[in-house]
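*Asks:* I would like the atomic coordinates for the input below:
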Amino acid sequence: MALFDADWMQKFAEEWNNEPELSGALEQIGFNSVIGYGFPGEDTPRGVLTVENGKAVSAGAYNGETLNWDIRASEDQWNKWIAKPPGMTGLGMAFTTGKMKFVVGDYGAMVKDPRMAGPFVKSFAVMARV
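*Replies:* So this is what the prediction gives:
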């Protein structure tokens, strides 16, 4: 199972839905989004997760979906986060130093909203379960 391939994304979706601090918290704010995950310098993300009312409803390899978020980091950086999930400070440093890039989506607006920032941080801990 390679990072962000169809199988990995399916498992990530299952783990997402099993984490109340992620799916439950996002359900409370009616969060809907199509999120791409991938690596810098590539034309498109590798994987995509579709979220409706906080729950992951589909996941797989990216297939041209219109994205609300497109999050990129090097494979090495993703693997570090999966091995040791970061907190808000670590993610903030990664964003400011360019280790994490948002091709689509507003990182600044998201982190200023605690209803979204907490679940975003939790999503990295969920990745560690895949």
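*Asks:* can you point me to the longest helix in the protein?
*Replies:* Counting residues, the longest helix found in the chain (DSSP state H) is helix 114-127.
*Asks:* what's next to stretch 102-115, contact-wise?
*Replies:* 25, 28-29, 36, 45, 67-72, 88, 91-92, 95, 100, 116-117, 120 (Cβ atoms under 8 Å, 6 or more residues apart in numbering). C-beta coordinates here come from the backbone N, C-alpha and C atoms, glycine included.
*Asks:* Quick one, which of these are buried?
*Replies:* Among those, those scoring as buried are 25, 36, 45, 67-72, 91, 95, 100, 116-117, 120 (criterion: 16 or more other Cβ atoms under 10 Å).
*Asks:* Where helices are concerned, which of those residues count?
*Replies:* The helices, defined by DSSP H, take in 25, 91, 95, 116-117, 120 from these.
*Asks:* Out of the residues you listed, flag the one nearest to Trp8.
*Replies:* Taking Cβ to Cβ as the measure, Trp8 lies nearest Phe120 of those, at 19.0 Å.
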